[in-house]
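S.K.: output the structure for:
(chains A and B)
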Amino acid sequence: MKRLVLMLIGLAGFSTVYMSCTKDPVSNLSDDESRIYITDHDSTLNFSNYKTYSISDSVAVIDNQNSTRELTASDQAYIDAVKKYMNQAGYQLVSKDASPDLGVDVNHIISTSTGVISYGDYWGDYGGYWDPYYWGYPDYGYYIPYAYSVYQIKEGAMSIDLLDLKNASHNDKINVVWTGLIRGSGIFDASVADAQVKALFDQSSYLKH
Amino acid sequence: MKKIKLLAVMCVFMCFALSANAQQGSLKFGLNYNYSFPISGFKNDLISNNSPRGFMGELMYSFNDKLAGGLLFGFQDYYQKYPRAIYHLSKTQDISAVLSNSVQTTPVLLKAKYFLTPSSFIKPYVSLAAGANLIDFKQYFGEFGNSSTSVGFRAQGGLGLLIPFKKTSGSGINIGASYDYAPYKKNGYKDLNSVNLQAGVVIELR
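M.R.: Presented below is the predicted three-dimensional model:
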């Protein structure tokens, strides 16, 4: 009996020690390693046909289906970084009134009302975040010409979208031709914005002229 | 396929049972530290890192001085973090991420052990076991992961040495090695096969 009790105690202790020694993948990541960068694009397009772009002057903050616009130091750093890498890719920054070929939106997604939404749903609400009127096309809707259903947004993300303004009149809608999504720890910080945007452009070589 | 595996397990145990004497033996409990080496598909497709985090235990009844049968159970944690890389999610969609794979296995097997030279002080043995393998698989892109839990088949062939504390003692030190066959046909993966080294103690309960 004594040996049986010892066996059970030993087994329970052994099991507890080993279960607690299980490596936790998330706690074993640095902030940099925790981040993911997702890009998607319209593969039927030749991006070198687009020469100029204009970028929104603030960031859309999406929080539970409500959106506001803000311009914190972090937001400004993201906008500046997008300008830098768009210029490096060969696009020319022009004012919104100069008929840019591409419109660029930057969005800060805080949370969603359901906790988890698909990226497709996010696009469905797109007009509420950046009204087509902002880009001079008040009667048009947005459209995504490529499948974007694999990934889900939970909480806390930055997204950058390239909009086809050059062909908006011809298409009767504003096509979203490229999207980039950044998620992970510590991304809402001006000091890391450049590296985050660079990662998106680095994996989108098709954007370069 | 499951019926064939079950039949094979039953045959193994029936063979052992038929060769055993009716003599009542002892009940022994063994607890071993387990060091695991992933091999074949497990190593190539999921995790190539060896795992020092595991144990195997067994509760064995001795039918006679040569043959014992009982229950094997255990736990092993496997983990690997791969450097940042770009993965293609679809024709147009790419993700750049640090990929982490985490696998925990909990085998619960019926086991038979055959001592080759029971009269010698150091007792070499061979063993066979088969049963269920509880599998918890988590895969992370950065800090964002998915997990799945499943139960699979597992079979084990092993060999080892039992070194008694005293010449007349049924308790002693155990060292051994095993090959574990564990198919895992999910998401294009093939198996969780491994080679394992064990060291621990065996205690005679009665």
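
S.K.: residue A:195 - how many residues pack around it?
M.R.: Applying other CB atoms under 10 Å in any protein chain shown, we find 13 residues neighbouring residue A:195. Using the backbone N, CA and C atoms, a C-beta is placed for each residue, glycine as well.

S.K.: do me a favour and average the pLDDT over stretch A:26-35.
M.R.: If you average the pLDDT over stretch A:26-35, you get 90.

S.K.: check whether it comes near chain B.
M.R.: Yes. Stretch A:26-35 lies within reach of chain B by CB under 8 Å from any CB of the partner chain, at A:26, A:28-29, A:33-35.

S.K.: could you identify the helix or strand that succeeds the helix or strand where residue A:79 lies?
M.R.: Assessed by DSSP states H and E, residue A:79 sits inside helix A:73-88. As assigned by DSSP H and E, the chain's next helix or strand after helix A:73-88 is strand A:92-93.

S.K.: from the middle of its chain, how far away would the helix or strand following that following strand be?
M.R.: For strand A:92-93, the succeeding helix or strand toward the C-terminus, using DSSP H and E, is strand A:102-111. Averaging C-alpha positions (CA atoms, centre = their mean, to the nearest Å) puts strand A:102-111 7 Å from its chain's average.

S.K.: what are the buried residues along strand A:102-111?
M.R.: Across strand A:102-111, burial judged by 16 or more other CB atoms under 10 Å in any protein chain shown covers A:102-109, A:111.

S.K.: again, but for stretch B:80-88
M.R.: Within stretch B:80-88, the residues that qualify as buried are B:80-81, counting by 16+ other CB under 10 Å.

S.K.: while we're on residue 90, how confident is the model there?
M.R.: Since you didn't name a chain, this refers to chain A. Per-residue pLDDT puts residue A:90 at 96.

S.K.: hm, I was asking about chain B
M.R.: pLDDT recorded at residue B:90 is 80.

S.K.: now it. Its backbone dihedrals?
M.R.: phi -160, psi -170 (degrees, to the nearest 10).

S.K.: how far away is it from residue A:191?
M.R.: Residue B:90 sits 33 Å away from residue A:191, going by CB to CB, to the nearest Å.

S.K.: more neighbours: which of the two?
M.R.: Applying other CB under 10 Å to residue B:90 and residue A:191 shows that residue B:90 carries more neighbours, namely 13 against 10.

S.K.: what ranges do the strands span in the chain?
M.R.: If you meant another chain, say so; for now it's chain A. A:36-41, A:52-55, A:59-63, A:66-70, A:92-93, A:102-111, A:117-118, A:141-143, A:152-153, A:157-164, A:173-183 (DSSP state E).

S.K.: the chain in question should be chain B.
M.R.: Remark: strands assigned in chain B by DSSP E are B:27-38, B:53-62, B:67-88, B:94-115, B:123-141, B:144-164, B:172-181, B:194-204.

S.K.: partners of the third one in the sheet?
M.R.: According to DSSP bridges, strand B:67-88 forms sheet pairs with strand B:53-62 (antiparallel), strand B:94-115 (antiparallel).

S.K.: the nearest residue to residue B:190 once chain neighbours are set aside: neighbour count?
M.R.: In space, and not counting its chain neighbours, residue B:190 is closest to residue B:41: 3.3 Å by CB to CB, 6 or more residues apart in numbering or on different chains. Close neighbours of residue B:41, defined as other CB under 10 Å, add up to 18.

S.K.: next one: residue B:49
M.R.: Residue B:49: 15 neighbours (other CB under 10 Å).

S.K.: how about it: what's its closest non-neighbour residue?
M.R.: The shortest distance from residue B:49 to any non-neighbouring residue, by CB to CB, 6+ apart, is to residue B:80 (4.7 Å).

S.K.: state the distance from the one you found to residue B:140.
M.R.: Look at residue B:80 and residue B:140: by CB to CB, they are 11 Å apart.

S.K.: hang on, the earlier thing: buried members of the residues of stretch A:26-35 next to chain B into PyMOL, please.
M.R.: To isolate in PyMOL the members of the residues of stretch A:26-35 next to chain B that are buried, counting by 16+ other CB under 10 Å, one can use:
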select buried, chain A and resi 26+29+33+34+35
